[in-house]
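# Coordinates for the following, if possible.
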Amino acid sequence: MIKYIEKHPVTSIIFISLLMLLPNLDTMVVTIMEARNFITAREMVTDGNWILTTMNGEPRYQKPPLPTWLTAIFGMIFGMKSLFALRLPAALMVAFSGVFMFLFSNKLFKNNILSLVNGLILITSFYIVGIINEAPWDIYTHGFMIAAIYCLYQFFEDENAVWKNALLAGFMVGLSLMSKGPVSFYALLLPFIISYGIVFKFKNFKSKFLPLIAFIIVFAFIGGWWFLYVRQIDPEAFTKIAEKETSNWGSYNVRPFYYYWSFFTQSGIWTILALIGLIYPYLIKRVSNKKLYKFSFFWTIIAVILLSIIPEKKSRYLVPVLFPLAINTGFYIEYLINNFKNLKSKKETIPVYFNFGLFAVIGIVFPIVGYILLKDKLEGLWFSFILTSIILFSIGILLFKFLKNKDIKKAFYTKIAFMVTIFCLGLPLTKAMHNNTNFNQISGLKSTIETKNDIKSYSVGELTPELLWYYDDKMPNIYIDNKLKLPKENKFGLLIEKHNIKLLKNLPEEYTSEFIKEYDINFFKKKRERLIREYYIITKNTTFE
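Numbers count the residues shown, from 1 in each chain. Next up, the predicted model:
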């Protein structure tokens, strides 16, 4: 199996990515970021808002539309209510990113095995996988950018096909910009260029001046036309949104400079190895290529520093760091594969035993601990639990066996199998944690209450994206400038948060309100009030007129 994987690295990366992600692509609940993006895609299809993008009928120009276009197209093919369809293009982008990480690494190292290791580290890193559910548009901007970097590196290093590489790089950078603006340009491309300049220098660059200009023109056109068009057609809304987004950088989610210092933990199962790979004085003496290790190390650290400069910080903003970190970690794994059998120092061996041994223990105890924690909640999930338990237990035994034999290569691939098993087979078990007994989905509101009473529904305040997504239509906000602006209908529905119910007391005397039910889409017992609304039918007594 290992020989086949190493003989067909690109196919293996694609297969492992899709095996890990596709079987349960629709299992996880929709997050706030997903809901916003999916609503925009839905309104592209239903309202034709492909260029002037909207959410709940209002302008939404915070993000460029390329990923939304792809999502909408897949939704049109497989159904706009299918989470599998809407998440599929993002899952494919994970595979795309892994393939180009391999291709780029292979240009650097001329080493299929090490390049495969780097690609596998990337696609199994925690936030690369989690991005499918948490913030799917990030994988597009960074995936296209690593493809651009692959072309740019060849543009810098190869005297042949200079124009081809410049134009392809410009095209990919443009797609990245059309996915999430300049995020990846700043967090992935800029640190790459800085670290490349430090380590490799820019040789014979004067002869590449014209292709470089072409590169800039191509990415500026592809990445900038939408912004210019929207700015021209809808300047007021565009300016207002741009000003708000810009102000958020310095006033929203502000964190201290050192907030990202634990960035290596975002690699998930590779955390310990990634941390050791960053111990420069230790690893620089042991790596197979000191120059390339310096490059990956500087690229990683510079990316973290640039992100740390911006006051607004969120954990998911560290995703671009995982790309150079995968290369950096690959150096350490390569060193272990080649030298671990001969290592005598406990300072070197204990962290490795702990890293792989930890997952071996998790695999072995999973059947017991999992049963104790979930035994009363496994109805309909027994097959998934039993199969996951058998495979994880087997993986745990194999990891201990490979550690005993000091076979790090087999331990590495077994750890990949651990990650694949968790997502391919174990993910459905998260449904056992859906323990909110008051859960009441809003998706039936249109087909039941609205249809029965022949009414339209409105919200008091902007409706939470998750609620709006599951409602499956637009719902106008009638609470504007701290005042209720009642619709013209004599009878209508109203979704309102509990703390705003007092506003119903201020209704004109000809209006009466009737409580119908509470919608609570919290899947877990720990409630978030923003996911709860009470539904009232408001009726106007026409005898007052």
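# the strands in this structure, which residues?
54-55, 58-59, 457-459, 479-480, 483-484, 491-496, 511-520, 532-540 (DSSP state E).
# what does the average pLDDT come to for stretch 177-189?
Across stretch 177-189, the average pLDDT comes to 94.
# Now do the buried residues in that stretch.
Neighbour counts over stretch 177-189 (16 or more other CB atoms under 10 Å) mark 177-181, 183-189 as buried. Just so you know, the C-beta spots here come from the backbone N, C-alpha and C atoms, and that holds for glycine as well.
# now stretch 506-516
Buried, per 16+ other CB under 10 Å, within stretch 506-516: 511, 516.
# go on, stretch 285-292?
Those would be 286-287, 289, 292, for stretch 285-292 by 16+ other CB under 10 Å.
# Tabulate those residues (JSON lines), appending distance to residue 20.
Shown next, in JSON lines, are the buried residues of stretch 285-292 (distance: CB to CB, whole Å):
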{"residue": "286", "distance to residue 20": "31"}
{"residue": "287", "distance to residue 20": "29"}
{"residue": "289", "distance to residue 20": "30"}
{"residue": "292", "distance to residue 20": "28"}
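# Show me these that map onto helices.
Counting by DSSP state H, those place residue 292 in helices.
# can you give me the helices for the stretch 51-200 of the chain?
66-78, 83-109, 112-123, 126-134, 136-157, 162-180, 183-184, 190-199 (DSSP state H, counting those that start in this stretch).
# Output these in JSON lines; the columns should cover distance to residue 440.
Output for the helices of the stretch 51-200 of the chain, formatted as JSON lines (distance: least, CB to CB, whole Å):
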{"stretch": "helix 66-78", "distance to residue 440": "26"}
{"stretch": "helix 83-109", "distance to residue 440": "20"}
{"stretch": "helix 112-123", "distance to residue 440": "37"}
{"stretch": "helix 126-134", "distance to residue 440": "23"}
{"stretch": "helix 136-157", "distance to residue 440": "27"}
{"stretch": "helix 162-180", "distance to residue 440": "34"}
{"stretch": "helix 183-184", "distance to residue 440": "37"}
{"stretch": "helix 190-199", "distance to residue 440": "47"}
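# Of all those helices, which one is nearest residue 230?
Residue 230 lies closest, by CB to CB, to one member of the helices of the stretch 51-200 of the chain: helix 162-180, at 12.2 Å.
# Quick one: list the elements packing against the closest one.
helix 66-78, helix 136-157, helix 209-233 (3 or more CB pairs under 8 Å, 6 or more residues apart in numbering; DSSP states H and E).
# Skipping its backbone neighbours, what lies nearest residue 360 in space?
residue 399 (3.6 Å; CB to CB, 6 or more residues apart in numbering).
# The one you found contacts residue 362, doesn't it?
No: assessed by CB atoms under 8 Å, residue 399 is found out of contact with residue 362, at 9.6 Å.
# For the two, indicate the residue with more neighbours.
residue 399 (25 against 16; other CB atoms under 10 Å).
# so how far is residue 116 from that one?
20 Å (CB to CB, to the nearest Å).
# again, but for residue 277
17 Å.
# So which of those two has more stuff around it?
residue 277 (28 against 25).
# Surely that one touches residue 328?
Yes: contact criterion CB under 8 Å: residue 277 and residue 328 qualify, at 5.0 Å.
# number of nearby residues for the nearest residue to residue 84 once chain neighbours are set aside?
Nearest-residue entry for residue 84: residue 26, 4.3 Å, with adjacent residues in sequence omitted and distances by CB to CB, 6+ apart. A count of neighbours around residue 26, defined by other CB under 10 Å, yields 14.
# mind listing what residue 26 touches?
Applying CB atoms under 8 Å, 6 or more residues apart in numbering, one finds that residue 26 lies in contact with 82-84, 87.
# now swap in residue 6 and tell me
12, 112-113, 116.
# so can I have JSON lines of these showing pLDDT and distance to residue 103?
As requested, the contacts of residue 6 are exported to JSON lines (pLDDT from 0 to 100; distance: CB to CB, whole Å):
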{"residue": "12", "pLDDT": "96", "distance to residue 103": "14"}
{"residue": "112", "pLDDT": "93", "distance to residue 103": "11"}
{"residue": "113", "pLDDT": "93", "distance to residue 103": "14"}
{"residue": "116", "pLDDT": "96", "distance to residue 103": "11"}
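# Is there a quick ChimeraX command that grabs whichever of the residues you listed are buried?
Burial among the contacts of residue 6 is assessed by 16+ other CB under 10 Å; the matching ChimeraX selection reads:
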select :12,112,116
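# closest to residue 436 among the contacts of residue 6?
Taking the contacts of residue 6 together and measuring to residue 436 by CB to CB, the closest member is residue 12, at 40.3 Å.
# Using the record's assignment, carve this structure into domains.
What automatic domain parsing lists as the domains of the chain is 2-257, 343-433, 442-544.
# Just tell me which of these ends up closest to residue 323.
domain 2-257 (5.6 Å).
# Residue 429 and residue 375 touch, don't they?
No: counting by CB under 8 Å, residue 375 is not a contact partner of residue 429; they are 12.0 Å apart.
# For these two, work out which one has more neighbours and name it.
Set residue 429 next to residue 375 and count neighbours by other CB under 10 Å: residue 429 wins out with 20 against 10.
# what's the spacing between that one and residue 382?
According to CB to CB, residue 429 and residue 382 sit 10 Å apart.
# hmm, back to that, possible to save the buried residues of stretch 177-189 as CSV with distance to residue 50?
Output for the buried residues of stretch 177-189, formatted as CSV (distance: CB to CB, whole Å):
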residue, distance to residue 50
177, 18
178, 13
179, 16
180, 18
181, 18
183, 22
184, 23
185, 24
186, 27
187, 28
188, 28
189, 27
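# among those, which two are most distant?
Going by CB to CB, the pair spanning the buried residues of stretch 177-189 furthest: 178 and 187, at 16.5 Å.
# pLDDT weak spots in the stretch 1-150 of the chain?
135 (pLDDT under 70).
# switch the cut-off to 90
Applying pLDDT under 90 to the stretch 1-150 of the chain flags the ranges 1-4, 28-29, 31, 33, 62, 126-127, 129-137.
# what's the closest of the helices of the stretch 51-200 of the chain to residue 5?
Taking those one by one with CB to CB, helix 112-123 is closest: 7.3 Å.
# what does the closest one contact?
5-6, 9, 12-13, 16-17, 20, 94-95, 97-99, 101-103, 105-106, 108-109, 128-129, 267, 270, 288, 322-323, 326-327, 329-330, 333-334, 412, 416.
# pLDDT score assigned to the nearest residue to residue 59 once chain neighbours are set aside?
Distances taken as CB to CB, 6+ apart put residue 237 closest to residue 59, at 4.0 Å, once the chain neighbours are dropped. Per-residue pLDDT puts residue 237 at 91.
# how close does residue 237 get to residue 536?
Relative to residue 536, residue 237 is positioned 31 Å away (CB to CB).
# go on, residue 315?
Separation of residue 315 from residue 536 (CB to CB): 38 Å.
# Kindly list the longest helix within this structure.
helix 346-374.
# what packs against that helix?
Helix 346-374 packs on helix 271-277, helix 382-404, helix 408-421, going by 3+ CB pairs under 8 Å, 6+ apart.
# And the first one, what does it pack against?
Using 3+ CB pairs under 8 Å, 6+ apart as the contact criterion, the secondary-structure elements in contact with helix 271-277 are helix 280-283, helix 322-339, helix 346-374.
# still on that earlier bit, compare residue 315 and residue 536 and say which is more crowded by neighbours.
Between residue 315 and residue 536, residue 536 has the larger neighbour count (other CB under 10 Å), namely 21 against 17.
# okay, that one: pLDDT?
95.
# next one: residue 251
For residue 251, pLDDT reads 63.
# Let me see the contact set for residue 93.
139-140, 143.
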